[in-house]
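>>> Can you look at this prediction? I've put the sequence above it.
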Amino acid sequence: MAASFTLLLSCALFASASAASDLWCGDNNCYEVLGLFSNATSSEVKKAYFKQSLKWHPDKNPSDEAKNEFAKLAGAYEILSEPRRREDYDYALAHPEQEWRNRARFFRDKYFNSGYMQVGLSHVFLGFLAVGSLFQYLNTYMNYHDNLAALKASSWYKTEWKRLAAERSSSTSKSGGGGGGA
């Protein structure tokens, strides 16, 4: 069982690792999509994007090829216009052998810097702590009530209860009906 799980996990990891090069701009180089060199400034990136977008924008060019080209252009501009994403993309181009690091940088930029997840790590930790505490409380509460029910169902509890009830009734009858005088 464990061997089949390990094999399945390794196949899934291998499949995800083979697609790491397609994360940023697919099969294309973002600089080539915009017609730039890797040392282009941010203003050159902006000018190249606007120049190319006039040519490929779907409102100006109704062909299907224009839609695909404009999508590539927008993706490349999104990556190259933001300094941190561009730095990560340049690192991925310079170090293609570090697929896992490049993948981590891509998803960090995609989810943690884009407004999808603006939650700090301390908030996530406190959330897990609160949920864990709630489950721990519920588990203790259920165990207490299960043990209490098991105790009430035991023969020792029933005989002890009858003995205490008999003691109590005999002590109240001796004291004269519950008046309890001295």
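Everything's here; your move. Numbers count the residues shown, from 1 in each chain.
>>> Walking through the protein, point out its helices one by one.
2-18, 30-34, 42-56, 64-81, 83-94, 99-107, 121-153, 155-174 (DSSP state H).
>>> Tell me which of those sits most buried.
helix 30-34 (a mean of 21; mean count of other CB atoms under 10 Å). In this view, the C-beta of every residue, glycine as well, is placed from N, C-alpha and C.
>>> average model confidence for it?
Averaged over helix 30-34, pLDDT sits at 92.
>>> Tell me where the protein is predicted with low confidence.
1-22, 112-120, 175-182 (pLDDT under 70).
>>> can we see that at 50?
Along the chain, the parts satisfying pLDDT under 50 run over 1-3, 5-20, 181-182.
>>> hang on, the earlier thing: would you turn the helices of the chain into a markdown table with distance to residue 24?
Below are the helices of the chain laid out as a markdown table (distance: least, CB to CB, whole Å):
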| stretch | distance to residue 24 |
| --- | --- |
| helix 2-18 | 15 |
| helix 30-34 | 6 |
| helix 42-56 | 15 |
| helix 64-81 | 6 |
| helix 83-94 | 5 |
| helix 99-107 | 7 |
| helix 121-153 | 25 |
| helix 155-174 | 69 |
